[in-house]
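S.K.: Give the three-dimensional model of this entry:
(one chain, ligands or ions: 2)
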Amino acid sequence: MLAEISAHLAAGRFRSAVAAAAQLQATRRFDPALIALPRLMGEALFAARLWLEAQPWLADAAALEPWDAGLADRLEQCRLPAWLAPSWQDPHSGRRLRRHPPREGRAYSYTVDVVGTCNLRCPSCPVGNSPARPRGFMAPALFGQILAKIRAESPDPAPRLTLYNWGEPLLHPELPRLIGMAHDAGFGVQLSTNLNIRHGLEAVISAAPEELKISLSGFTPQSYARSHRRGDLALVLANMREVRRLIDKHRVGTRVWIGHHIYRFNKDQIPAVAALARELGFAHHPIDAFFMPLERLGDYLDGDPAADPGGIIPDLPLDPRQRQAALTGQQDPDSDCELRYAQTVINHDGSLALCCSVYDQANMLGGNFLDLDHAEIQRRRYAHPFCGTCMAKRMHYAGRALIDLTN
Ligand code: SF4
Ligand code: SF4
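M.R.: Ligands and ions are numbered 1, 2, ... in the order given. So this is what the prediction gives:
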């Protein structure tokens, strides 16, 4: 019987595996031959990102093996954080939607876009493919007020603070000061950069941000320029080595990782980037490139030929229409969107965005973070019509459905 369940799991027949395992447990609960069942089920469901379903199995496994710290970590990841209500009424569909444990981390996230523009024009990003929107740097005084309000009203007592969304944070002339202010207010700081900068790197590193993501795509000048338009690969590589040197010089604990955007034209470069990451002591996370923002993605799915002015979609590993088809049936139809319940997005001028994946002015929340309390911000987000459009096109960030995969 365990062999049959293992076969189901190996083939991706998760619904069948859960049904068979539940029946086995109900009929032979005290059979010592089944001692391995909870771990088998829990680990497989966890790896398949079926975290709600994995949780009871991991709990049983952890009770049997309380010394296994990794198991305990995975169980914790599968639990809904205390700050999150398990379900919410969706005004668009009229249905009660359940919340899944956040995949992006257990902490509630505040995304503060401290720079309202970028020095590059990547064709897969709204800065490169959408009409320009107001630019600017967040004033330190405003940033301080935002930090104080987050501290006062965050649903999570230890929220995550990221200082970027569609902007390049290292362009901010006072970024080291902002990092210091965040630290003084008790927050860790996460940054993401294209590293196409010529000034200020030492001041930023010596301010000791907790995390620095370096986004990289191609590893030859031609391939890099295709996806990181206006970028200079030689400058980025020199700056990566400089980051290593400065971390050592200032003895800061910044965790650095390379977010490696994978296109059809740079798949063969993954080993070379991995080798560089190893050499520099950075983590390396290859991830399939995708097309943003959601407004242009939706236009593309609707067949609008102007949605991709940079012509980058043919270079994606998976065409968005194929991706959408692949998601059919794999998303939990009763799932709320993680980007509605686990983050607040604040633009450089203090205004609010619906979520981190939208860009057009129509998809801002029509108010300022300082003027609206958390409940009102959430009310406006849940009432926003674009979420209904987004969910209907399966572009949202939903939990996975317990199904038998067919391939
Ligand atoms: S570097 Fe990042 S923010 Fe800047 S244009 Fe490219 S994807 Fe957008
Ligand atoms: S449903 Fe779509 S638009 Fe709404 S928060 Fe989620 S990803 Fe953003």
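
S.K.: where along the stretch 301-407 of the chain do the helices fall?
M.R.: 320-327, 338-341, 374-383, 385-392 (DSSP state H, counting those that start in this stretch).

S.K.: Does residue 54 touch residue 46 like I think?
M.R.: Yes. Between residue 54 and residue 46 there is a contact at 4.2 Å, judged by CB atoms under 8 Å. Every C-beta, even on glycine, is put in place using the N, C-alpha and C of the backbone.

S.K.: what do the two both touch?
M.R.: In the contact map built from CB atoms under 8 Å, 6 or more residues apart in numbering, the residues linked to both residue 54 and residue 46 are 74, 78.

S.K.: so which of the helices of the stretch 301-407 of the chain comes closest to ligand 1?
M.R.: helix 320-327 (16.5 Å; CB to the nearest ligand atom).

S.K.: Of all the residues in that closest one, which ones are buried?
M.R.: 320, 323-324 (16 or more other CB atoms under 10 Å).

S.K.: Check which helices and strands it sits against.
M.R.: Identification of packing neighbours for helix 320-327 by 3 or more CB pairs under 8 Å, 6 or more residues apart in numbering; DSSP states H and E yields helix 294-301.

S.K.: export the helix it packs on as CSV, just CAs?
M.R.: Below are the C-alpha coordinates for helix 294-301, written out as CSV (Å, rounded to 0.1, in the frame of the first residue of the first chain):
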residue,chain,number,x,y,z
LEU,A,294,-0.2,42.6,-15.0
GLU,A,295,-1.9,45.3,-17.2
ARG,A,296,0.4,44.5,-20.2
LEU,A,297,0.2,40.8,-19.5
GLY,A,298,-3.6,41.0,-19.5
ASP,A,299,-3.4,43.0,-22.8
TYR,A,300,-1.2,40.3,-24.3
LEU,A,301,-3.5,37.5,-23.2
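
S.K.: gap between that helix and the chain center?
M.R.: Distance of helix 294-301 from the chain centroid (CA atoms, centre = their mean, to the nearest Å) equals 19 Å.

S.K.: quick one: it to helix 320-327, angle?
M.R.: Helix 294-301 and helix 320-327 are oriented at 90 degrees to each other (axes from the mean of the first three to the mean of the last three CA atoms, to 10 degrees).

S.K.: what angle sits between helix 294-301 and helix 385-392?
M.R.: 40 degrees.

S.K.: And the contacts of the single longest helix found in the chain?
M.R.: Longest helix in the chain by number of residues (criterion: DSSP state H): helix 233-250. By CB under 8 Å, 6+ apart, the residues outside helix 233-250 that reach it are 194-198, 201-202, 205-206, 208, 212, 214, 216, 218-221, 224-225, 254, 256, 276, 280-282.

S.K.: C-terminal to that helix, what's the next element?
M.R.: strand 255-262 (DSSP states H and E).

S.K.: which of the residues in the helix or strand following that next one are buried?
M.R.: Counting by DSSP H and E, the next helix or strand C-terminal to strand 255-262 is helix 270-280. Buried residues in helix 270-280, defined by neighbour count with 16+ other CB under 10 Å: 273, 276-277, 280.

S.K.: Including distance to residue 358 and pLDDT, could the residues you listed go into CSV?
M.R.: Formatted as CSV, the buried residues of helix 270-280 follow (distance: CB to CB, whole Å; pLDDT from 0 to 100):
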residue, distance to residue 358, pLDDT
273, 30, 97
276, 33, 97
277, 31, 98
280, 34, 98
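
S.K.: coming back round to it: quick check: which of the helices of the stretch 301-407 of the chain is nearest to residue 145?
M.R.: helix 374-383 (15.2 Å; CB to CB).

S.K.: Same question for the closest one: list its buried residues.
M.R.: For helix 374-383, the neighbour count (16+ other CB under 10 Å) marks 374, 377-378, 380-382 as buried.

S.K.: And it, how far out from the chain middle?
M.R.: With CA atoms, centre = their mean, you get 21 Å for helix 374-383.

S.K.: Residue 194: what's it in contact with?
M.R.: By CB under 8 Å, 6+ apart, the contact list for residue 194 reads 118-120, 168, 214-215, 228, 231, 236.

S.K.: what about it, distance to residue 168?
M.R.: 6 Å (CB to CB, to the nearest Å).

S.K.: Quickly list what's touching both of these two.
M.R.: Residues touching both residue 194 and residue 168 by CB under 8 Å, 6+ apart: 118-120.

S.K.: which of the residues you listed has the most neighbours?
M.R.: In terms of neighbours by other CB atoms under 10 Å, those top out with residue 118 at 22 neighbours.

S.K.: Enumerate the residues of the stretch 51-200 of the chain near ligand 2.
M.R.: By CB under 6 Å from any ligand atom, no part of the stretch 51-200 of the chain sits against ligand 2.

S.K.: Low-confidence regions, this protein specifically.
M.R.: 407 (pLDDT under 70).

S.K.: all strands of the stretch 301-407 of the chain, in order?
M.R.: With DSSP state E, counting those that start in this stretch applied, the stretch 301-407 of the chain shows strands at 343-346, 351-353, 364-368, listed in chain order.

S.K.: hey, which of these is tucked in deepest?
M.R.: strand 343-346 (a mean of 24; mean count of other CB atoms under 10 Å).

S.K.: Tell me which strands that strand pairs with, and in which orientation.
M.R.: Applying DSSP bridges to the sheet, strand 343-346 is found paired with strand 109-112 (parallel), strand 351-353 (antiparallel).

S.K.: Make JSON lines from the strands of the stretch 301-407 of the chain and add distance to ligand 1 to it.
M.R.: Below are the strands of the stretch 301-407 of the chain laid out as JSON lines (distance: least, CB to the nearest ligand atom, whole Å):
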{"stretch": "strand 343-346", "distance to ligand 1": "14"}
{"stretch": "strand 351-353", "distance to ligand 1": "14"}
{"stretch": "strand 364-368", "distance to ligand 1": "18"}
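
S.K.: Kindly present these as JSON lines, with separate columns for distance to residue 105.
M.R.: Shown next, in JSON lines, are the strands of the stretch 301-407 of the chain (distance: least, CB to CB, whole Å):
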{"stretch": "strand 343-346", "distance to residue 105": "10"}
{"stretch": "strand 351-353", "distance to residue 105": "19"}
{"stretch": "strand 364-368", "distance to residue 105": "23"}
